[in-house]
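# Test case, fold it:
(3 chains)
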Amino acid sequence: MTITDMTALQLAEAIRAGRTTAVEAAEAMLANIEAKDKKYNCYVTVDAEGALTQAREVQARIEAGELDGALAGVPVAIKDNMCTAGLLTTCSSKILYNFVPTYTAEAVRNLQRAGAVILGKTNMDEFAMGSTTETSAYGATRNPRNPEHVPGGSSGGSAAAVAAEECFFALGSDTGGSIRQPAAYCGTVGMKPTYGTVSRYGLIAYGSSLDQIGPLTKDVADCAAVLEIIASHDAKDSTSIERQDTDFTSVLTDDVRGMRIGVPNDYFGDGLDGEVKEAVLAAAKTLEEKGAVVERFDLSLVEYAIPTYYTIAAAEASSNLERFDGIKYGYRTGEYEGLHNMYRKSRSEGFGAEVKRRIMLGSFVLSSGYYDAYYLKALRVKALIKRAFDDAFARYDVILGPVAPTTAPRLGESLADPIKMYLGDIYTIAVNLAGLPAISLPCGMDGNGLPIGLQLIGDCFQEKKLIQTAYTYEKARGAFPAAAGEVE
Amino acid sequence: MANIISDETIEYVGILAKLELSDEEKEQAKADMGRMLDYIDKLGELDTEGVEPMSHVFPAHNVFREDVVTNGDTREELLANAPEQKDGMFMVPKTFA
Amino acid sequence: MAREYETVIGLEVHVELATKTKIFCGCSTAFGAAPNTQICPVCTGMPGSLPVLNRQVLEYAIAVGLATDCEITRYAKFDRKNYFYPDNPQNYQISQLYLPICRNGGVEIETAEGGVKRVGIHEIHMEEDAGKLLHDDWEDCSLVDYNRSGVPLIEIVSEPDMRSAEEVIAYLEKLRLIIQYLGASDCKLQEGSMRADVNLSVREAGAAEFGTRTEMKNLNSFKAISRAIEGERERQIDLLEAGEKVVQETRRWDDTKGESYAMRSKEDAQDYRYFPDPDLVPIVVSDEMLEEIRARQPEFRTEKMKRYREEFGIPDYDIEIITGFKRMADIFEAATAICGQPKKVSNWLMGETLRLMKEREVEAEDLRFSPENLAKLIALTDARVINSSVAKEVFEVMFEENVDPEKYVEEKGLRTVSDEGALRRTVEEVIAANPQSVEDYRNGKEKAIGFLVGQTMKAMKGKADPAAVNRMLKELL
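Prediction:
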């Protein structure tokens, strides 16, 4: 086994055992980036020098016995909407083309404390608004499974970097499916934790009530290990939750006997691709064979999640993105007449089309005369959706379904029709509205060799059930083929 | 399309959002917003009478910090990203006529 | 034909709370620091930064609510008020619209006719202050200092219950006193720690409906408030008399010109798109929290006046004045506790202190001398170390610089001359030099001795005990 084939946990073990070093691992990843990233464009910023410096420090501390964590010495890629002190952080937007934060996101600091080595910042849909990583101001990312296809989004750069072995694992953020869907499209594992489990401090907000940072990894064990490290109660984030049960690696057991799994009929209706449907139902069957109790049920309200989500997310985004005004940081237009013209030109030139679309919508639904009809209405429907999940989790431990209706679309196909693109979020979005944890892992390939994702959704704070179920499924499934797309 | 977005509305939202759209972008924005609102109108099918709007998913409350100074002077760092600065302050187009 | 108009006034009063740190971050609120030296990612709206509420802000807000007879909202939230302006780094202000912390209160004010009137308080909400904009003529631009950005404010919104500038001032003074007694703010109008926006409309006397109101900003003193109210009342009446309409708008008062102008522009849509801030969690005020704050409430003026009457035996008039200013009441109580002479402390406050405050335009909250030094000064006069006129001289210096009177008297050599021989020599010289006055006195003009005392005091540069001088003169004459 070469270094690059290893999972994050295997690599850390090899470093601890002295079979390799953090420096060798970082060098291997930098070499892969050098070889492949022109093609895939996973990274906005690669910090080669910084990574090697970190790797040397970490290696010294490991050798001195000061660091022995499960991921010490492992190179990681960070989605470019998480602030990293001294390292460019763009949100894949022109408006932050030169922004160098003075502080580091708490989730990233947790990784640093654990000895992970930061390679750079990954590409994404601008401000995490999109499902394809095509709205980036720094070019689209390509799917390492097939470069003619998108990697999904918005954490497309992170998912692609894991799939292309340009990092051992990555952090992404998930507001409506932005970790799970690219994980599915690229054939990696991705998890959105319960809202409040990972601090949002330093995460550049899109929809504050929905955003949550999570891991993108090669397998379920890595996912559990990363989550265990990044989950923390943070006094700097008022919505951060104090949890005692974050020893997620303790449930990496191959056993789902008695696990009650609900399969919502509503997730298998019109619009779902036949191959995806087949693969996901086969996965359910596998779990049943492993001793889980699998049942079909009606979740209800599924079709209302998307309009609810887009109202709330756009409203919050319109406010969250007001701070980008050309005064304190980022892009300021070259020529302007007076203050308001400066604001309008800087923002219009700095933001891309999709971001502007959502800011306009969000400003509208909050404006005088529409607040009740749109925004409050959406918050009421959100309450109903939460209730529907509460009812489901009274009966089931885990809800099982697809991540996305199709496998990765071809580049350029999605952006033309925003509503159609939004419809692709139908199975992931309600999870964010209800604050639930969910994991995405590969469960098959379509006829074009593109991965299909399986989604497991848990009740709030029930990540352990998800990890145990996913781990058991992964064992039964066997090794998932790595991306074949080597660069000639 | 049930929701017809007028020029005035797009103009007004542009003022609120501090965005300046070209004529072409305005037409696109009118169409996009109309379609999105048509789609959002779907929520009207649901009876939400008596349902409390849910802004926070969890019943978490009372998160405070104590009144203790924890931050020192970081002016140079925080000004470093400013497009224009002068005398330790952020420089902006004049705000008073 | 002249119609009678009634003025209807409501106030929005912003008060900067006396916390050590800002409302949502650990930056200092100390006044007067160099620009942008008290800022961090949170109060400059850096991306990814998040607010966490300062507990003291909530406790002050509740304390003010309890002291103004408000209902305390048991489930309160913060909302974002969205508008672009450079002093507002996030381009939204975190405030409270839908569930403010206090509602439905009121305070009683005395009216000109000597009656008592209740001014209703619609709500009190917590919010963050904005930064400061400076105008740089040299570069023809503005400069932003975010030191004040995020300083905690409460906004006290009254009902439209006031009918004159006098009532407005009485209401403001009442609020100021309550808040100062609580220690929640120093409430200095000039420095901006208390600011009032005036909502004013006029209507024909007896009309049932309110007229269209305007909001007046930039009022930095009680005088400016009075003038602005008068000016706006006249402006609105003139409009109505001319058959025109009052436009609902925000106006900025220019106190030097004595007129106001509209602030609105096309770019200010005044559509703030308030919505609950998702970065902050709700506030649940429990019975325990409320009782704790209630138990810590200080003695307010009415109780204090009652206690002063019972404990100190000073005139009601003195009590009225002293308790009218928190700082004065504090000095009175502390100095009395040290020297045990309430009457003498009160005399210093009612006499020299008020005189100098008026002469030098000093507000009570800015009084500099400490109660310890006042007590020392009283002790020095009691012990006849200095005479009363020297004491007044020393007090003037204390008033300006809070000097230690004991040290000052020593340093400046102001002790009363107690050397009998020296006094006798001086008196003899004065008698010799003023034969006419001596003659007058001997002829029965009792008043002439006053002149001779004065001459002796002058010769001794004030450092004599006038009673001793008097005695000596009579003896030698």
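
# in terms of contact, does C:Ala459 touch C:Thr426 like I think?
Yes. Taking contacts as CB atoms under 8 Å, C:Ala459 lies within contact range of C:Thr426: 5.2 Å. To be clear about C-beta, it is placed using only N, CA and C from the backbone, and glycine gets the same treatment.

# Have a look at these two and say which one is more surrounded.
In this comparison of C:Ala459 against C:Thr426, neighbours counted by other CB atoms under 10 Å in any protein chain shown, the higher total goes to C:Thr426 at 20 against 16.

# check contacts around the more buried one.
C:Thr456, C:Ala459, C:Met460, C:Ala464 (CB atoms under 8 Å, 6 or more residues apart in numbering or on different chains).

# okay if I get these as JSON lines plus secondary structure?
Shown next, in JSON lines, are the contacts of C:Thr426 (DSSP: H, G, I helix; E, B strand; the rest coil):
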{"residue": "C:Thr456", "secondary structure": "helix"}
{"residue": "C:Ala459", "secondary structure": "helix"}
{"residue": "C:Met460", "secondary structure": "coil"}
{"residue": "C:Ala464", "secondary structure": "coil"}
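
# Any chance of CSV for those residues, columns distance to A:Ala394 and pLDDT?
Below are the contacts of C:Thr426 laid out as CSV (distance: CB to CB, whole Å; pLDDT from 0 to 100):
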residue, distance to A:Ala394, pLDDT
C:Thr456, 101, 87
C:Ala459, 101, 84
C:Met460, 97, 82
C:Ala464, 96, 81
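
# Check those residues and tell me the two furthest apart.
C:Ala459 and C:Ala464 (8.7 Å; CB to CB).

# if I look at C:Leu239, how far off is A:Arg332?
The gap separating C:Leu239 from A:Arg332 is 42 Å, by CB to CB, to the nearest Å.

# which of the two has more neighbours?
A:Arg332 (21 against 15).

# That one reaches B:Ala82, doesn't it?
No. A:Arg332 is beyond contact range of B:Ala82, at 9.2 Å (criterion: CB under 8 Å).

# number of nearby residues for C:Glu446?
8.

# And the pLDDT for it?
We have a pLDDT of 79 for C:Glu446.

# Quick check: residues of chain B near chain C?
Listed as neighbours of chain C in chain B under the rule CB under 8 Å from any CB of the partner chain: B:12, B:15-16, B:18, B:55-56, B:60-71, B:73-75, B:78-79, B:86-96.

# Just the buried residues of the residues you listed.
B:12, B:15-16, B:18, B:55-56, B:60-61, B:63-65, B:67, B:71, B:73-75, B:78-79, B:89-95 (16 or more other CB atoms under 10 Å in any protein chain shown).

# for chain A, which spans come out with low pLDDT?
Residue ranges of chain A with pLDDT under 70: A:484-488.

# Tell me which other helices or strands the top helix by length along chain B touches.
For chain B, the longest helix by residue count, based on DSSP state H, is helix B:23-40. Applying 3 or more CB pairs under 8 Å, 6 or more residues apart in numbering or on different chains; DSSP states H and E, one finds that helix B:23-40 makes contact with helix A:305-320, helix A:353-366, helix A:418-423, helix B:7-17.

# can those go into a markdown table with extra columns for distance to A:Leu281?
Shown next, in a markdown table, are the helices and strands packed on helix B:23-40 (distance: least, CB to CB, whole Å):
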| stretch | distance to A:Leu281 |
| --- | --- |
| helix A:305-320 | 22 |
| helix A:353-366 | 33 |
| helix A:418-423 | 21 |
| helix B:7-17 | 44 |
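
# do you know which of those lies nearest A:Gly435?
Nearest to A:Gly435, of those and by CB to CB, is helix A:305-320 at 12.4 Å.

# got the angle for that closest one vs helix B:7-17?
Helix A:305-320 runs at 60 degrees relative to helix B:7-17, counting by axes from the mean of the first three to the mean of the last three CA atoms, to 10 degrees.

# and the helix or strand just after helix A:305-320, is it in reach of chain C?
Counting by DSSP states H and E, the next helix or strand C-terminal to helix A:305-320 is helix A:338-350. Yes. Helix A:338-350 lies within reach of chain C by CB under 8 Å from any CB, at A:Leu339, A:His340, A:Tyr343.

# distance between helix A:338-350 and the chain's centre?
31 Å (CA atoms, centre = their mean, to the nearest Å).

# how close does the closest residue to C:Gln90 other than its chain neighbours get to A:Ala317?
Distance criterion CB to CB, 6 or more residues apart in numbering or on different chains; nearest residue to C:Gln90, sequence neighbours excluded, is C:Gly45 at 3.9 Å. Distance from C:Gly45 to A:Ala317, counting by CB to CB: 15 Å.
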